[in-house]
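J.: Would you be able to build a 3D model of this:
(4 chains)
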There are 2 protein chains.
Amino acid sequence: MRPARRDTRAEILSLAEQLFHARGYHGFSYQDIAQALGVKNAAIHYHFASKEDLGLALIGRLRELVRKNLELFRGNPIDPVAAIQAYFGYYRNHCAATHSICAVGMLAAELSTVPDAMRLQARALADEMRELLAAILEAGRARGVMQFAGEPAARALSLMCTMGGAAQVTRLKDSPEVLETVIAQVSRELGLAA
Amino acid sequence: MRPARRDTRAEILSLAEQLFHARGYHGFSYQDIAQALGVKNAAIHYHFASKEDLGLALIGRLRELVRKNLELFRGNPIDPVAAIQAYFGYYRNHCAATHSICAVGMLAAELSTVPDAMRLQARALADEMRELLAAILEAGRARGVMQFAGEPAARALSLMCTMGGAAQVTRLKDSPEVLETVIAQVSRELGLAA
DNA sequence: GTCTATATCCGGATAGAC
DNA sequence: GTCTATCCGGATATAGAC
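T.: Okay, here's the model as predicted:
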């Protein structure tokens, strides 16, 4: 029942995540975080000895989130349409609204300039994301509320690429309309109601 | 009829383009180029006073290429299927083969850390790319060799996002199979022969 | 056109006091 | 847990000789 004492570590992680989505792993510095939090450079190093540690913690948290969603959906796969709308919602309310892009796309771009361990984490994140989408698509088709040709895993991969790309072009063009156009096109092809 | 004298400027540009696709605008330095070409740092600055100049020249060349292809296709739109196969071929033979990603995706990721002028160039590049794809898709549907719902411009945008994302995930997973899976899925949906 | 030399700045990281 | 102070390396960029 302690009063709302600052949890610096959590604040760092949260801010770093925003900065990462907006500017990439190499696009922010310990200085940026320190200044925003009103502490000094060295304080960040106390919580995350190296920037790589921070990067790993960051992706780890995202993986956790995806895994939790997968578990949730598998435990109660009654509404695949709502699940995919939530997926679209992420791009609307997170990416487009904050002019940022998704972590997989950012990490893919920075892949060759990022520590090895982060590369592995990024791969795992992409795998888990694909797994989640495949589960949703498979359930959707089985219940007759989605239509597509081919394997759910293949369609999930393609969808993931499309939406990741959509977030990027949306940001590039600074136009939420881009995202809406792609979502509308994809929805049409999956047989979802507009 | 001068002997094959080195055109340093062209070599710089060509090498910078490779480095950019592989590591991004911030991922390579004048040093990298200088060493690879066996000259000194300052020599690069002679040809491109600032890195921004180099970046602009680089994107400008890509735009030129896309524009040329658009002009070519518009002048002779008899084989849209070959045109789209060539588009897929770029991802196979350039991106996947060199473990790099396409410029639009790279620039979208680095967007907020790149000079203003480059942002504008990047937007124009994306627009022109979309225009080219829309022309191909429209011709393909008109000739009955491609099927899709909605406007060609919307389908073109979605396709561009899908393929850009596919290059990124292919690189992330270090797996050409990812690219082939996406191409196969897209081809199926467009009604192209496998 | 290319060189040497240098200026300037910035990012990550560490040591040791408080 | 946070501070001050400092080190190191790397990157862009410029001046002036050749």
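
J.: C-alpha from now on. contacts and neighbour counts both.
T.: Will do.

J.: Tell me, how many residues neighbour A:Ala193?
T.: Using other Cα atoms under 10 Å in any protein chain shown, A:Ala193 has 10 neighbouring residues.

J.: show me the contacts for it.
T.: A:Ser187 (Cα atoms under 8 Å, 6 or more residues apart in numbering or on different chains).

J.: Over to it. Which of the three states is it?
T.: coil (DSSP: H, G, I helix; E, B strand; the rest coil).

J.: pLDDT at it, what is it?
T.: With respect to pLDDT, A:Ala193 scores 78.

J.: now it: how far from A:Asn93?
T.: For A:Ala193, the distance to A:Asn93 (Cα to Cα, to the nearest Å) stands at 20 Å.

J.: One more: A:Met160?
T.: Distance, A:Met160 to A:Asn93, by Cα to Cα: 17 Å.

J.: Equivalent analysis for A:Met118, please.
T.: Taken as Cα to Cα, the span from A:Met118 to A:Asn93 is 26 Å.

J.: Check A:Val178 too.
T.: Applying Cα to Cα to A:Val178 and A:Asn93 gives a distance of 14 Å.

J.: Grab the nearest non-local neighbour of A:Gly165.
T.: B:Cys161 (4.1 Å; Cα to Cα, 6 or more residues apart in numbering or on different chains).

J.: Check A:Thr98 too.
T.: A:Ala22 (7.8 Å).

J.: Near the one you found, how many other residues are there?
T.: Neighbours of A:Ala22 (other Cα under 10 Å): 25.

J.: in which helix or strand would I find it?
T.: helix A:8-23 (DSSP states H and E).

J.: residues in chain A within reach of DNA strand D, list them.
T.: Neighbours of DNA strand D within chain A, by Cα under 7 Å from any atom of the strand: A:8, A:38-43, A:46-47.

J.: Which of these fall in helices?
T.: A:8, A:41-43, A:46-47 (DSSP state H).

J.: one step back: chain center to the helix or strand where the residue nearest to A:Gly165 lies, what's the gap?
T.: Assigned by DSSP H and E, B:Cys161 belongs to helix B:152-173. In terms of Cα atoms, centre = their mean, to the nearest Å, the centre of helix B:152-173 is set 12 Å apart from its chain centre.

J.: Same question for stretch A:81-98.
T.: Relative to its chain's centre, stretch A:81-98 lies at 10 Å (Cα atoms, centre = their mean).

J.: just to revisit the earlier point, in contact with the residue nearest to A:Thr98: list those residues for me.
T.: With Cα under 8 Å, 6+ apart, A:Ala22 has these contacts: A:98-101, B:112.

J.: Can you spell out which helices and strands pack onto the helix or strand hosting A:Gly89?
T.: Taking DSSP H and E as the definition, A:Gly89 sits inside helix A:80-90. Packing contacts for helix A:80-90, counted by 3 or more Cα pairs under 8 Å, 6 or more residues apart in numbering or on different chains; DSSP states H and E, involve helix A:116-142.

J.: pLDDT (mean, whole number) over the helix it packs on?
T.: Rounded mean pLDDT across helix A:116-142 is 98.

J.: Could you confirm whether any residue of that helix contacts chain B?
T.: Yes - against chain B, helix A:116-142 shows contacts by Cα under 8 Å from any Cα of the partner chain at A:119, A:122-123, A:126.

J.: Point out the other helices and strands that that helix packs with.
T.: helix A:51-75, helix A:80-90, helix A:103-110, helix A:152-173, helix B:152-173.

J.: can you do 10 Å?
T.: helix A:51-75, helix A:80-90, helix A:103-110, helix A:152-173, helix A:176-190, helix B:152-173 (3 or more Cα pairs under 10 Å, 6 or more residues apart in numbering or on different chains; DSSP states H and E).

J.: do it and DNA strand C meet?
T.: No - judged by Cα under 7 Å from any atom of the strand, helix A:116-142 and DNA strand C are separated, with a smallest distance of 13.1 Å.

J.: tell me the angle that helix makes with helix A:152-173.
T.: Interaxial angle, helix A:116-142 versus helix A:152-173 (axes from the mean of the first three to the mean of the last three Cα atoms, to 10 degrees): 120 degrees.

J.: Flag every buried residue along helix A:116-142.
T.: The neighbour-count check on helix A:116-142 (16 or more other Cα atoms under 10 Å in any protein chain shown) flags A:118-119, A:121-126, A:128-141 as buried.

J.: Identify the residue spatially nearest to A:Ile84, adjacent ones excluded.
T.: A:Ile136 (7.0 Å).

J.: my guess is that neighbour contacts A:Leu72, does it?
T.: No - contact criterion Cα atoms under 10 Å: A:Ile136 and A:Leu72 do not qualify, at 11.3 Å.

J.: Make JSON lines from the helices and strands packed on helix A:116-142 and add distance to DNA strand C and mean pLDDT to it.
T.: Output for the helices and strands packed on helix A:116-142, formatted as JSON lines (distance: least, Cα to the nearest atom of the strand, whole Å; pLDDT from 0 to 100):
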{"stretch": "helix A:51-75", "distance to DNA strand C": "4", "mean pLDDT": "98"}
{"stretch": "helix A:80-90", "distance to DNA strand C": "27", "mean pLDDT": "98"}
{"stretch": "helix A:103-110", "distance to DNA strand C": "14", "mean pLDDT": "98"}
{"stretch": "helix A:152-173", "distance to DNA strand C": "23", "mean pLDDT": "98"}
{"stretch": "helix A:176-190", "distance to DNA strand C": "30", "mean pLDDT": "98"}
{"stretch": "helix B:152-173", "distance to DNA strand C": "22", "mean pLDDT": "98"}
